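J.: okay, here's the prediction I keep looking at, along with the sequence it came from:
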Amino acid sequence: MASFLHITCYSQKVISWGDQGDGTFRNPILNANYPDSDVERYGDKWYMISSTSMLAPGMTILESVDLVNWTIKSHVYDHVSWRKDYDYSVMSSKRGGVWAGDLVFHNGEWFCYVIDPEAGLFVSVAKDISGPWSAPVLIYEAVNWTDPCVFFDYDNKNAYLLCHTNTDKETRLYDNKIFKLSWDGRKLLDDGTVFYRGKMAEAAKMYKKDGFYYVFISQWIKKDKVNDRKQLVLRSKSPYGPYESKVVLERGNGCNRSCCQGSLIRAPDGNWWFMHQLVQSKDSYEGRPQFLIPVSWENDWPVLGEDPDGNGIGNTIWQWKKPVSGGNIIKPQTSDDFDYCKLSPQWAWYYTPNNLKWSLTERDGYLRMRPVRQLSPEDFLKTPNILSQRKMGKGKDTVTVRICLTELSVGINLGMTNFSSDYNNIGLKFDGKVCKIYENRNGNMTFLSEYVNDVIYFRTIMNGDKGILQYSQDGLTFIGSSDEFIMRPKGFMSQRIGFYCYNNDSDTGFVDIDWFKYTYE
């Protein structure tokens, strides 16, 4: 399975989020789409996983020494190997794949559990967090399950798996079950027991402290005509309950998006923290960023963040002292010179790629992309081998790519894409006589000009939810349409930025991508 050898981390300047360089941090600490996090400490480092749906490689693994500065380390899966409809020849399903998972280190091994809601519960195992990871093994075949959590109780040598298993379609009440798990982490031993039922209640995480079992769970609760996915904590002396419940986190304190779902974390100095995401909304084109908030304890209940309105329920915070002092300011990887024989881990293919159509070794220092055939010429998002990465935050971004055009075939299309709910592309097509620059805005094609150089630069400038597409012959003077496009999210999918190469008439020719540069606020 996936194992990445090359990671390039760059020290970053102080920006408006993350490490502030003065011993404090500002939320979000990860200002991009890193949904459904689960954090595990090992030695002096923390590791986080984040779901990836249909993307390949899948289940991102990040690393940090202070819970604030994170880099992408690797992935658990090369691709969604258990589903044919995620293959480049089909590209049909968007609901399943790699959803929220659980990362555990137990008995000298790493375990990653994930539920594909259209297939069931899988586990992969590795001796080292960087891999190689074993092929995913189906533990339990099921549909409509989500969000596994595994808890190894070392006090009594029992292991448990919790997840949402059933939905009442009329009431939207979710059953959450606890299963007995084998001590080796590889087999469910019973059919499970319902321990909690609530309105769209999911994403359970279990912990144990001072004799209490705590289950952090997210649930939609309507109050004053406002739907909010709040963070609940359940508490019991038994893993099977009965449980007391308490709402511990809700939107507020300047945040208008639901705050929930994450990991309870203890730092080396004994202080407690909670990592949570912001739930997607109509304007969350950057996806679901990660927030880090302090946790205290009162009467054996966790108290999360701050409570500025004094209603007894915590809100997220915006700035706080770092859990671990010192260290460099480091952000997840973005720019790439393609100087290594493996893709840097910020990249992912849209569905499982055709690996015969790309190479990092045919020309040193370049990513070679050979044309694929679209499954549906009317829908760009049915194009195999779209390579992309996350958009960073909501500030001003500039993305530039340099592409060599010396081996074009008649009918070849190539370019830069910005996609989520919609797609907005700037590209080049060779008709056998001339190259033509075009924009493709969600199927609306506009030709801008002819092009004669053997190198082209494409650029996207983003500011807030708006973007402008440009091209250049020399990388200095850029021209393009003055009309902005709007970035719109689609469900769990944030805005992604990348490039493509297709030809529906020929398999010949190729393009060489020299570098990709991403600057952001």
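T.: Thanks, I have the structure now. Here the structure is a predicted model, which is why all the values come from computation and not from measurement.

J.: so where's this protein shaky on pLDDT?
T.: Applying pLDDT under 70 to the chain flags residues 1-13.

J.: tell me where the stretch 51-200 of the chain has strands.
T.: Applying DSSP state E, counting those that start in this stretch to the stretch 51-200 of the chain gives strands spanning 58-64, 70-77, 101-106, 109-116, 120-126, 137-141, 146-153, 158-168, 173-181, 193-199.

J.: the ones you listed: which one's closest to G480?
T.: Closest to G480 of these is strand 70-77 (C-beta to C-beta; 30.3 Å). Heads up, the C-betas are built off the backbone N, CA and C, glycines and all.

J.: quick one: strands adjacent to that closest one?
T.: Sheet pairing here is set by DSSP bridges, and for strand 70-77 it gives strand 58-64 (antiparallel).

J.: turn the strands of the stretch 51-200 of the chain into JSON lines, columns for distance to I456 and mean neighbour count.
T.: Putting the strands of the stretch 51-200 of the chain into JSON lines (distance: least, C-beta to C-beta, whole Å; neighbours: other C-beta atoms under 10 Å) gives the following:
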{"stretch": "strand 58-64", "distance to I456": "31", "mean neighbour count": "24"}
{"stretch": "strand 70-77", "distance to I456": "28", "mean neighbour count": "24"}
{"stretch": "strand 101-106", "distance to I456": "40", "mean neighbour count": "21"}
{"stretch": "strand 109-116", "distance to I456": "39", "mean neighbour count": "24"}
{"stretch": "strand 120-126", "distance to I456": "40", "mean neighbour count": "21"}
{"stretch": "strand 137-141", "distance to I456": "46", "mean neighbour count": "15"}
{"stretch": "strand 146-153", "distance to I456": "44", "mean neighbour count": "22"}
{"stretch": "strand 158-168", "distance to I456": "48", "mean neighbour count": "20"}
{"stretch": "strand 173-181", "distance to I456": "50", "mean neighbour count": "20"}
{"stretch": "strand 193-199", "distance to I456": "52", "mean neighbour count": "17"}
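
J.: now render those as TSV, adding distance to Y502.
T.: TSV is the format used below for those (distance: least, C-beta to C-beta, whole Å):
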stretch	distance to Y502
strand 58-64	23
strand 70-77	25
strand 101-106	32
strand 109-116	28
strand 120-126	32
strand 137-141	34
strand 146-153	34
strand 158-168	39
strand 173-181	41
strand 193-199	44
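
J.: find the nearest non-adjacent residue to S236, please.
T.: Of all residues beyond its chain neighbours, the one nearest S236 is Y243 (4.5 Å), with distances taken as C-beta to C-beta, 6 or more residues apart in numbering.

J.: over to K199?
T.: W220 (5.1 Å).

J.: does the one you found have beta-bridge partners, and which?
T.: Beta-bridge partners for W220, by DSSP bridges, are R229.

J.: contacting residues for it?
T.: In this structure, W220 makes contact with 172, 199-200, 227-230, judged by C-beta atoms under 8 Å, 6 or more residues apart in numbering.

J.: any idea how far it lies from K517?
T.: Distance from W220 to K517, counting by C-beta to C-beta, to the nearest Å: 41 Å.

J.: which residues touch the closest residue to S51 other than its chain neighbours?
T.: With C-beta to C-beta, 6+ apart as the criterion, S51 has its nearest non-adjacent residue at 4.2 Å, and that residue is D36. For D36, the contact set (C-beta under 8 Å, 6+ apart) comprises 50-51, 99-101, 147, 203, 261, 277, 288.

J.: which of those count as buried?
T.: The neighbour-count criterion (16 or more other C-beta atoms under 10 Å) marks 50-51, 99-101, 147, 203, 261, 277, 288 among the contacts of D36 as buried.

J.: let me know the outermost residue of the protein.
T.: Distance from the C-alpha centroid of the chain, by C-alpha atoms, centre = their mean, peaks at K433 (42.0 Å).

J.: so which strand or helix has that residue?
T.: Counting by DSSP states H and E, no helix or strand carries K433.

J.: and it, how far is that from L408?
T.: Distance, K433 to L408, by C-beta to C-beta: 12 Å.

J.: cool, and Y214?
T.: 60 Å.

J.: hmm, Q319 is touching N27, no?
T.: Yes - between Q319 and N27 there is a contact under C-beta atoms under 8 Å: 7.4 Å.

J.: between the two, who's got more neighbours?
T.: Comparing Q319 with N27 by other C-beta atoms under 10 Å, the one with more neighbours is N27, at 23 against 9.

J.: that one and L67, how far apart?
T.: Where L67 is concerned, N27 sits at a distance of 12 Å (C-beta to C-beta).

J.: and for the two, which residues touch both?
T.: L292.

J.: residues in contact with the nearest residue to T171 once chain neighbours are set aside?
T.: Nearest residue to T171 in three dimensions, chain neighbours excluded: K199, at 7.5 Å (C-beta to C-beta, 6+ apart). Each residue near K199 by C-beta under 8 Å, 6+ apart is listed here: 171-174, 219-221.

J.: tell me the two of the residues you listed that are most distant?
T.: T171 and I221 (14.0 Å).

J.: which one's more surrounded, those two?
T.: I221 (18 against 10).

J.: just give me the neighbour total for the nearest residue to that one once chain neighbours are set aside.
T.: In space, and not counting its chain neighbours, I221 is closest to K230: 5.1 Å by C-beta to C-beta, 6+ apart. Residues lying near K230 (other C-beta under 10 Å) number 21.

J.: and if you look at M445?
T.: 11.

J.: wait, it sits on E439?
T.: Yes - in terms of C-beta under 8 Å, M445 counts as a neighbour of E439; the distance is 7.3 Å.

J.: can I assume L356 sits in a helix?
T.: Yes - judged by DSSP: H, G, I helix; E, B strand; the rest coil, L356 forms part of a helix.

J.: and it, what does it touch?
T.: R370 are the contacts of L356 under C-beta under 8 Å, 6+ apart.

J.: if we use 10 Å, what do you get?
T.: By C-beta atoms under 10 Å, 6 or more residues apart in numbering, the contact list for L356 reads 370, 372, 385, 507.

J.: which of those residues are buried?
T.: 370, 372, 385.

J.: across the sheet, point out what pairs with the second one.
T.: In this structure, V372 has the following beta-bridge partners (DSSP bridges): Y502.

J.: would you agree it is in contact with Y351?
T.: No - counting by C-beta atoms under 10 Å, Y351 is not a contact partner of V372; they are 11.3 Å apart.

J.: coming back round to it: which one of the contacts of W220 sits closest to C163?
T.: M200 (14.2 Å).

J.: that closest one: neighbour count?
T.: 16.

J.: now it. Nearest residue, chain neighbours left out?
T.: W220 (4.4 Å).

J.: now do the one you found against D422, distance only.
T.: 27 Å.

J.: next one: S376
T.: For S376, the distance to D422 equals 16 Å [C-beta to C-beta].
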